[in-house]
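Colleague: below is the sequence, then the predicted model.
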Amino acid sequence: MQPIDYYERLNAEITGAHPVTGPYSPDDEIAAAQMNAENITEVMAETRVTELDILRVFDDPQDGHNALVKMEAASQADALLARTLQWLGPQSSKGLDVGNQSVRANIDAMAQTGVLTAAERDTIKGIAERQVSRASQLGLKTMKPGYVQKSRTVRVP
């Protein structure tokens, strides 16, 4: 049995809308499945990568190499990008944080200007992404239909 504040939090969630699928179903089993579906992309902060990591994440390492070459070429005309990409190199012990919002914005900008393809952008940014459920995102763990049913009867103050 869960504490009452658990059901209050759950009630507040299911009376609203799931960020991906919209309003929760009135069917408890379906609503629980909506909460358990791993369909929310979460960006993990402090996800540091090196050139080797980028080569590894592509199905064909040559594709990773090609993306790196294009980024390096673009950095010749962009001092900020050049400084950012220094974190990828072998002299960097930490690597580039692809979970950092500014770095992710730089990667997006490279795709918007045609330096990277959308697939290359998504592959590189995907290193710092994971799919999570709404239940885990809210700290509610795995949702069961009985929990949803009980939360619908809780009176929220």
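Modeller: Good, I have the coordinates. Note that this is a predicted model, so its numbers are computed, not measured.
Colleague: biggest helix in this structure by residues?
Modeller: helix 61-75 (DSSP state H).
Colleague: gap between that helix and the chain center?
Modeller: Helix 61-75 sits 23 Å away from the centroid of its parent chain (CA atoms, centre = their mean, to the nearest Å).
Colleague: who are the packing partners of that helix?
Modeller: helix 51-57, helix 79-85, helix 101-112, helix 118-126 (3 or more CB pairs under 8 Å, 6 or more residues apart in numbering; DSSP states H and E). The C-beta positions use only the backbone N, C-alpha and C, and glycine is treated the same way.
Colleague: and of those helices, who's closest to G139?
Modeller: Minimum separation from G139 across the helices and strands packed on helix 61-75 (CB to CB) falls at helix 101-112, 22.9 Å.
Colleague: next, give phi and psi for the nearest residue in space to M110 that is not next to it in sequence.
Modeller: Spatial nearest neighbour of M110, excluding adjacent residues (CB to CB, 6 or more residues apart in numbering): L116 at 4.5 Å. When read as degrees, to the nearest 10, the backbone of L116 gives phi -110, psi 150.
Colleague: quick one: mean pLDDT for stretch 125-138?
Modeller: For stretch 125-138, mean pLDDT rounds to 95.
Colleague: so what does the most centrally placed residue in the chain have for phi and psi?
Modeller: The centroid of the chain falls nearest to E42 when counting by CA atoms, centre = their mean (2.8 Å). For E42, the backbone dihedrals (degrees, to the nearest 10) come out as phi -120, psi 130.
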